[in-house]
Every structure is written in C-alpha cells, then in structure tokens.
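Participant: I'd like to go over a predicted model; first the sequence, then the structure.
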Amino acid sequence: MSKATRKSNTRLRKKHFSNDKLNMLVDTLAAHAEEINQQNLKREVQQRKKEIWEEVARNVSAVCTTLRTVKDCGVKGETLIDMGAGPCTIQLLSAANSFNEIIVADYTERNCRELEKWWKNEPGAFDFTAFAKRVCEMEGNRQTWIEMEENLRRTIKQVLRCDITKCNPLAPIVLTPVDCLLTNFCTENVCTDEKSFCEYLKNMTSVLKPGGHLILTALLECTVNIMGKHRLPSFPLTESFARIALIDTGFAIRYFKVLPSTDDSPEPLTDHTGILFVLARKEL
Ligand SMILES: C[S@@+](CC[C@H](N)C(=O)[O-])C[C@H]1O[C@@H](n2cnc3c(N)ncnc32)[C@H](O)[C@@H]1O
C-alpha cells in the first residue's frame with residue numbers, strides 16, 4: 001500500500017462512519033446488481049460484473065466455510081435470522097437445510113426490495129444461479145442448485161428492515177427469540193469504535209434465545225471499502241478485540257478462525273488483513 005493511501009486510510013479511520021455512507025455502499029451494490037441483470041452489457045459493466053463475481057465468489061467460500069462449520073458443530077433449530085443481509089441470499093443456501101424458518105433483514109429499503117424480488121421470484125430479481133451452482137458443488141452436490149434455491153425460497157418466511165444501532169434492531173417488531181443469528185460483514189462497517197462495536201453486537205444478539213448461536217463473519221483491520229468512486233471507512237476490528245467483545249457480550253466461543261487475506265490484486269477493494277469466522281453460543 002502506498003504512503004499516500006495509508007495516509008488517506010488513516011484519515012478515513014478517524015472520520016465517523018455514518019449510516020448514510022453505508023447506504024451509499026448498498027445503493028451502489030444494488031445498482032450494480034441491476035446493471036448485471038441487463039441483457040446488453042457494456043464493456044464497463046462486464047468488467048464490473050467480473051469484479052463482483054470475484055468478490056461474491058470469495059464471500060461464497062467464506063460463507064460456506066462458516067456453514068460447514070455450523071454443520072460440523074450440529075447447529076440447527078427452528079429459526080435463523082440474517083441481519084445486515086444486503087441484497088444477497090447466497091449465504092443462506094446451506095442454512096435452509098438446518099433451519100425450518102429463515103428471516104432476512106437489512107437496513108435499507110432498497111436491499112429489502114431486492115431480497116423480496118428474489119424470494120418471490122419476481123421479474124428483474126437478481127440472478128444468483130451461478131453462485132447457487134458453486135455452493136451446491138461445495139456442498140458435495142447432494143441437492144441440485146434448483147432444489148437448493150427452491151428450498152431456500154420456501155424456508156424464508158419474512159423480509160424485515162433492521163437497524164443494529166437500536167436496542168431492538170427490529171423495532172417495532174418484537175421477535176420471539178431465535179436459535180441462530182447470522183451476520184456477515186455488517187457490524188464492523190456500521191460501528192465507529194470499540195464501544196459501538198460492543199453496543200451493536202449486544203443489540204443484534206438480543207434476538208437470540210439463551211443457548212442460541214451467533215455466526216459472525218467480519219473483515220479484520222479493514223479501514224476502507226472501495227466501491228466505484230466511493231471510499232467508505234470501516235472500523236479496523238482486531239482478532240483480540242473480537243474475542244473480548246464476544247466474551248463480554250456473554251458468548252462462549254465454539255469456533256474462531258482467521259483466514260489471512262490473499263488479495264494481492266494491484267487495486268484491492270479493501271485493505272483488510274484477514275476474514276474472521278466465529279461460531280459462538282449465547283450463555284444461559
Ligand atoms: C458490507 S454490507 C454486507 C452485506 C452482506 N451481509 C454480505 O455479506 O454481502 C453491510 C450491510 O449492512 C447493512 N447496514 C447498514 N447499516 C445498518 C444498520 N444500522 N443496521 C443493520 N444493517 C445495516 C447495509 O445495508 C449492508 O447491507
């Protein structure tokens with residue numbers, strides 16, 4: 001990383017990270033999703049499609065690793081909720097075999113609309129079939145990708161708005177406590193410091209029943225996300241602080257793994273040093 005980039009990242013780290021900035025990121029993502037769905041892709045869009053594919057393919061690997069871990073650890077139950085799901089459902093394909101009900105929640109209306117379009121198989125919904133095929137392969141082709149997608153559509157019961165900065169992130173809805181909370185790359189992007197990381201973790205996990213499980217995936221030591229022309233700051237979560245925060249919030253860590261970043265592209269989209277995977281049980 002050049003000295004100038006490091007300096008600029010440090011400046012970003014000092015800035016407060018607002019929801020507006022995250023919304024911008026999400027809107028950019030949703031806009032790209034729309035572009036990708038167009039029939040006549042221009043060269044620029046094709047390039048962006050390739051970048052997004054690579055990014056999502058990385059996430060698929062990350063999410064599958066998490067979910068395989070969950071299977072190995074026997075995590076299953078009645079209800080799983082994904083908070084900060086973005087416009088994506090691929091992270092839930094494997095989970096649909098271990099839970100009877102899935103709730104997907106995100107902060108922005110636009111993401112929720114994308115989620116609903118996919119759930120209800122509406123025209124113009126984002127096409128995740130390539131990713132579903134990849135997940136299927138990683139799962140050992142026990143089901144076809146079509147069966148996997150259909151099963152997920154059946155298992156999703158609600159798409160809700162959420163705000164993890166609120167004590168009850170689903171307010172005004174009060175949810176019957178759930179068995180599992182999945183949250184990928186959300187908290188470290190919304191919080192601004194250690195204090196707010198712990199606060200938002202506590203808010204989110206208030207929906208879990210005692211003995212329920214948290215599955216959390218986060219970028220480590222990331223100070224910036226580059227989305228097109230936007231440079232969006234992120235809280236540089238460390239491995240040691242993540243452990244402390246989980247224990248202080250009342251969790252017993254069952255699985256804690258860091259995959260070092262392998263992104264050596266000349267223009268990386270983030271400056272994270274690794275991806276953290278956590279499976280933790282809410283203490284009684
Ligand atoms: C980096 S994206 C991650 C999306 C998805 N989980 C994934 O793995 O690709 C962060 C997500 O957090 C959501 N978000 C932003 N502010 C939030 C808030 N206050 N409460 C809950 N989610 C929020 C955004 O809308 C966005 O979908």
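Facilitator: Cool, the structure landed. What you are looking at is a predicted structure, and each value in this text was computed from that prediction instead of being measured.
Participant: What residues are bridge-paired with the spatially most central residue of the chain?
Facilitator: Nearest to the mean C-alpha position of the chain, by Cα atoms, centre = their mean, lies N184 at 2.7 Å. Per DSSP bridges, the residues bridged to N184 are T217.
Participant: Confirm for me that it is in contact with Q91.
Facilitator: Yes. If you go by Cβ atoms under 8 Å, N184 and Q91 touch, sitting 5.9 Å apart. To be clear about C-beta, it is placed using only N, CA and C from the backbone, and glycine gets the same treatment.
Participant: where does the nearest residue to G77 once chain neighbours are set aside land in three-state SS?
Facilitator: The spatial neighbour of G77 that comes closest, neighbours along the chain excluded (Cβ to Cβ, 6 or more residues apart in numbering), is D179 at 2.8 Å. Classification of D179 using DSSP: H, G, I helix; E, B strand; the rest coil returns strand.
Participant: Same question for the one 10 residues further on.
Facilitator: Look at N189: counting by three-state DSSP, its state is helix.
Participant: Could you report the distance from it to L279?
Facilitator: 21 Å (Cβ to Cβ, to the nearest Å).
Participant: same deal with A245?
Facilitator: Going from A245 to L279 by Cβ to Cβ gives 15 Å.
Participant: With neighbour numbers in mind, choose between these two.
Facilitator: Neighbours were counted for A245 and for L279 using other Cβ atoms under 10 Å; L279 has more, 22 against 19.
Participant: who does the host helix or strand of the more buried one pair up with?
Facilitator: Using DSSP states H and E, the element containing L279 is strand 274-282. Strand 274-282 sits in its sheet next to strand 208-220 (antiparallel), strand 251-260 (antiparallel), going by DSSP bridges.
Participant: Nearest to D271, out of those strands?
Facilitator: D271 lies closest to strand 208-220 among the strands paired with strand 274-282, at 9.2 Å (Cβ to Cβ).
Participant: Does the closest one reach the ligand?
Facilitator: No. Counting by Cβ under 6 Å from any ligand atom, the ligand is not contacted by strand 208-220; separation bottoms out at 7.0 Å.
Participant: What segments of the stretch 101-250 of the chain are helices?
Facilitator: 109-119, 129-138, 145-155, 187-190, 194-205, 239-248 (DSSP state H, counting those that start in this stretch).
Participant: Reformat those helices as TSV; add distance to the ligand and mean pLDDT.
Facilitator: As requested, the helices of the stretch 101-250 of the chain are exported to TSV (distance: least, Cβ to the nearest ligand atom, whole Å; pLDDT from 0 to 100):
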stretch	distance to the ligand	mean pLDDT
helix 109-119	5	94
helix 129-138	11	82
helix 145-155	15	96
helix 187-190	5	94
helix 194-205	8	98
helix 239-248	17	98
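Participant: quick revisit: in PDB, could you pull the C-alpha coordinates for the strand holding L279?
Facilitator: What follows is strand 274-282, C-alpha atoms only, in PDB (Å, rounded to 0.1, in the frame of the first residue of the first chain):
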ATOM      1  CA  GLY A 274      -8.000 -11.300   7.000                       C
ATOM      2  CA  ILE A 275     -11.500 -12.600   7.400                       C
ATOM      3  CA  LEU A 276     -12.800 -13.700  10.800                       C
ATOM      4  CA  PHE A 277     -15.300 -16.600  11.200                       C
ATOM      5  CA  VAL A 278     -16.900 -17.100  14.500                       C
ATOM      6  CA  LEU A 279     -19.400 -19.500  15.900                       C
ATOM      7  CA  ALA A 280     -20.400 -18.600  19.500                       C
ATOM      8  CA  ARG A 281     -23.100 -19.700  21.900                       C
ATOM      9  CA  LYS A 282     -25.100 -17.300  24.000                       C
END
